[in-house]
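> Sequence first, predicted model second:
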Amino acid sequence: MAHSKSIKIIYEMLMTQYGHLQWWPAQSKLEIMIGAILTQNTSWKNVEIVLELLISSDMLSCKKIISSTDEKFAKLIRPAGLNNVKTKRIKSLVSFLLAACNGNVSELQSWNSSVLRSSLMNINGVGPETSDAILLYALNKPFFVIDNYTRRMMSRIGISPLRDTYDSWQSMFNTAINMDTQIYKQYHALIVENSKLHCRKSPSCGGCPLNRICDYAATQ
DNA sequence: GACCAGGCACATC
DNA sequence: GATGTGCATGGT
């Protein structure tokens, strides 16, 4: 893939700017999985509020979630928005977890990765991005998470796959980074961090490493 | 008051 | 296959 070298260089530039980020800290794999759904179209700040609520009310367990009423659960996760939709989605995920491993999420780590990804994608409300976030951050599997930040930032630099599909974006990164789970985690975190701090609208804001990255990309 | 935030399902063309 | 829309809240 023609962009592999650039993708590696951009990673180094972002690392120089931000260093190692402690991203997606959580007390349990289930917390990460539920966070992955809560964060859909929602700022992480509001997700944190809800995760704290779930912890403090001792609701971070598959069996407790599945046995709570939709109304009660929706009220609990309300600060993260889309609460009725997300109640259904989280319950669908939890149903899968109970059926697949009786809620012992660690057991999923021994599953074949592609089988597991297909299973996750079959859950109502779990699309490719949520599925890959779960695989990468909860289960340490090498699946690069492609979100809008990633597409926007890389497109602006001039790096995009031939076809603008999720799978094409993902395989572009897979080829460049060679299935390294730790770098996948860090790279995605760096992209989001940079996008949050800079360049939401204009690529020419002060102090943004993206300007230097664009300069670099223009020489390639 | 408009716009955005770490998407997805579904309908329609 | 591409595009549009509903879902909902909280911050800027």
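Done, it's in. The shown structure was predicted, so the numbers you read here are calculated from the model rather than taken from an experiment. Residues are numbered from 1 along each chain as shown, chains lettered A, B, ... in the order given.
> For chain A, which residue gets nearest to DNA strand B?
Nearest residue of chain A to DNA strand B: A:G127, at 2.5 Å (C-beta to the nearest atom of the strand). Placement of C-beta: from N, CA and C, glycine included.
> Can you tell me, leaving aside adjacent residues, what's nearest to the spatially most central residue of chain A?
Centrality entry for chain A: nearest residue to the mean C-alpha point is A:A133, 3.7 Å, by C-alpha atoms, centre = their mean. Distance criterion C-beta to C-beta, 6 or more residues apart in numbering; nearest residue to A:A133, sequence neighbours excluded, is A:A36 at 4.3 Å.
> how about that neighbour, what does it touch?
A:T130, A:A133, A:I134, A:Y137, A:A138 (C-beta atoms under 8 Å, 6 or more residues apart in numbering).
> re earlier: go ahead and list the helix or strand containing the residue nearest to the centre of chain A.
Element membership for A:A133 (DSSP states H and E) is helix A:128-133.
> Does anything pack onto the following helix or strand past that helix? Which helices or strands?
The element immediately downstream of helix A:128-133 (helix or strand, assigned by DSSP H and E) is helix A:148-157. With contacts taken as 3 or more C-beta pairs under 8 Å, 6 or more residues apart in numbering; DSSP states H and E, helix A:148-157 sits against helix A:181-197, helix A:209-218.
> worst-scoring helix or strand of chain A, pLDDT-wise?
Of all the helices and strands that make up chain A, helix A:209-218 has the lowest average by mean pLDDT, DSSP states H and E, namely a mean of 67.
> got the contact list for stretch A:108-120?
By C-beta under 8 Å, 6+ apart, stretch A:108-120 touches A:96, A:100-101, A:126, A:130-132, A:134-135, A:139-141, A:143.
> give me that answer again for 6 Å
Taking C-beta atoms under 6 Å, 6 or more residues apart in numbering as the criterion, the residues outside stretch A:108-120 that touch it are A:C101, A:V126, A:S131, A:L139, A:K141.
> Which of those ranks first by neighbour count?
Neighbours were tallied for each of the contacts of stretch A:108-120 (criterion: other C-beta atoms under 10 Å), and the maximum of 24 neighbours falls on A:V126.
> Report the secondary structure state of that residue.
For A:V126, the assignment made with DSSP: H, G, I helix; E, B strand; the rest coil gives coil.
> tell me the phi and psi of it?
For A:V126, the backbone dihedrals (degrees, to the nearest 10) come out as phi -110, psi 110.
> Find the nearest non-adjacent residue to it, please.
Nearest non-adjacent residue to A:V126, counting by C-beta to C-beta, 6+ apart: A:L120, 5.2 Å away.
> Could you break chain A into its assigned domains?
Here the domain assignment for chain A is A:4-22+A:145-218, A:29-138, based on automatic domain parsing.
> just for chain A, where's the confidence low?
Of all residues in chain A, those with pLDDT under 70 make up the ranges A:1, A:198-208, A:210-212, A:214-220.
> can you point me to the longest helix in it?
In terms of residue count, the longest helix belonging to chain A (DSSP state H) is helix A:83-101.
> can you count the residues close to A:A80?
25.
> how close does it sit to A:A74?
Separation of A:A80 from A:A74 (C-beta to C-beta, to the nearest Å) stands at 10 Å.
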